[in-house]
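1. got a predicted structure here, sequence first:
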Amino acid sequence: MSKVWRNVATAGCIFRKMKAFNLRVGFIVPLNTNGRINSLMRSKGWSLRENGHVGAAEFIASENFDSRPVGVDIRLLVVHCISLPPGCFNGGHVESFFTNTLDFDAHPYFRTIRGLKVSTHFFIDRSGHLKQFVSCAERAWHAGASAWRGISGCNDFSIGIELEGQDTQEFESAQYETLLTLARVLMANFPIEACVGHSDIATPTGRKRDPGTKFDWSRLRVLEGIELPS
């Protein structure tokens, strides 16, 4: 089944075209491309709406984004990890960082990231709860200097997914479960070719380490038709 999508932002809406699709009022229903996007998942909000939001995600608006280049397809998923301060979870600091409301004087580490303006499309906390900060139609500022298959500027054609954690620590099963479901929804709506770690695309090589050696890529092998790090 063809999954060729073209995204055009007009008056804040996304217009997409493909050869086969199911349309429900108010949102686009994910196609059952691998037998895993089913009616139960749709009933729980696992669908991509016309505004580029995933219904199952809690949306928290970030100002740290801009427009994708016209005519560029979303081909790549990039997995990151983050915790603020490092190794501390569930404090709400990551959300504050992505929305430019972090108190940089609240912890010594925060002073080292003062003034940075970054974001991600999605954030999965330790419980598996999904939050979205930027519409999939827009370019979130998550990858920085980067290249994939010789193409620089991965933010142009990728979707960033942050997992709450650090690159030296195991991730939770609930996070993998949410990540898999999210990946299936995105694969059903965009011509995703690969899912990589931030460390795989950051330039120069070695600039980033996340999601790190503790991230279990074998959990994503159930995804069909997508390239993963070896």
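-> All right, it came through fine.
2. let me see the contact set for the closest residue in space to Ile151 that isn't next to it in sequence.
-> The shortest distance from Ile151 to any non-neighbouring residue, by C-beta to C-beta, 6 or more residues apart in numbering, is to Phe157 (7.5 Å). C-beta: built from backbone N, CA, C; applies to glycine. By C-beta atoms under 8 Å, 6 or more residues apart in numbering, the contact set of Phe157 is Arg68, Val72, Asp73, Ile74, Arg75, Leu76, Ile151.
3. distance of the fifth one relative to Gln169?
-> When C-beta to C-beta, to the nearest Å is the yardstick, Arg75 and Gln169 sit 30 Å from each other.
4. and the second one, by the same measure?
-> Taking C-beta to C-beta as the measure, Val72 falls 34 Å from Gln169.
5. repeat that for the last one.
-> Ile151 sits 31 Å away from Gln169, taking C-beta to C-beta as the criterion.
6. which helix or strand contains Leu77?
-> In this structure, Leu77 is located in strand 76-82 according to DSSP states H and E.
7. right, and the helix or strand after that strand?
-> Taking DSSP H and E, what comes next after strand 76-82 is helix 93-98.
8. off-centre distance for the following helix or strand past that next one?
-> Following helix 93-98 in sequence order, the next helix or strand is strand 122-124 (DSSP H and E). Computed by C-alpha atoms, centre = their mean, to the nearest Å, the separation of strand 122-124 from the middle of its chain amounts to 7 Å.
9. could you list the paired strands of the next helix or strand after strand 122-124 along with their orientation?
-> Counting by DSSP H and E, the next helix or strand C-terminal to strand 122-124 is strand 130-132. Paired neighbours of strand 130-132 in the sheet (DSSP bridges): strand 58-59 (parallel), strand 122-124 (antiparallel).
10. looking at the ones you listed, which is buried most?
-> Comparing those by mean neighbour count (mean count of other C-beta atoms under 10 Å), strand 122-124 ranks first with a mean of 25.
11. now tell me what touches that strand from outside.
-> 54, 57, 82, 94-95, 98, 130-133, 159-164, 175, 178-179, 182.
12. switch the cut-off to 6 Å
-> For strand 122-124, contacts defined as C-beta atoms under 6 Å, 6 or more residues apart in numbering pick out Leu130, Lys131, Gln132, Ile161, Glu162, Leu163, Gln175, Thr178.
13. mind putting the residues you listed into CSV with neighbour count and distance to Ser62?
-> Converted to CSV, the contacts of strand 122-124 look like this (neighbours: other C-beta atoms under 10 Å; distance: C-beta to C-beta, whole Å):
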residue, neighbour count, distance to Ser62
Leu130, 21, 15
Lys131, 19, 10
Gln132, 23, 9
Ile161, 25, 14
Glu162, 28, 12
Leu163, 25, 17
Gln175, 23, 21
Thr178, 23, 19
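14. quick one, which of Arg75 and Gln169 is more surrounded?
-> Arg75 (18 against 14; other C-beta atoms under 10 Å).
15. quick check: that one touching Cys195?
-> No - Arg75 is beyond contact range of Cys195, at 10.6 Å (criterion: C-beta atoms under 6 Å).
16. having no further points to raise, I will conclude here.
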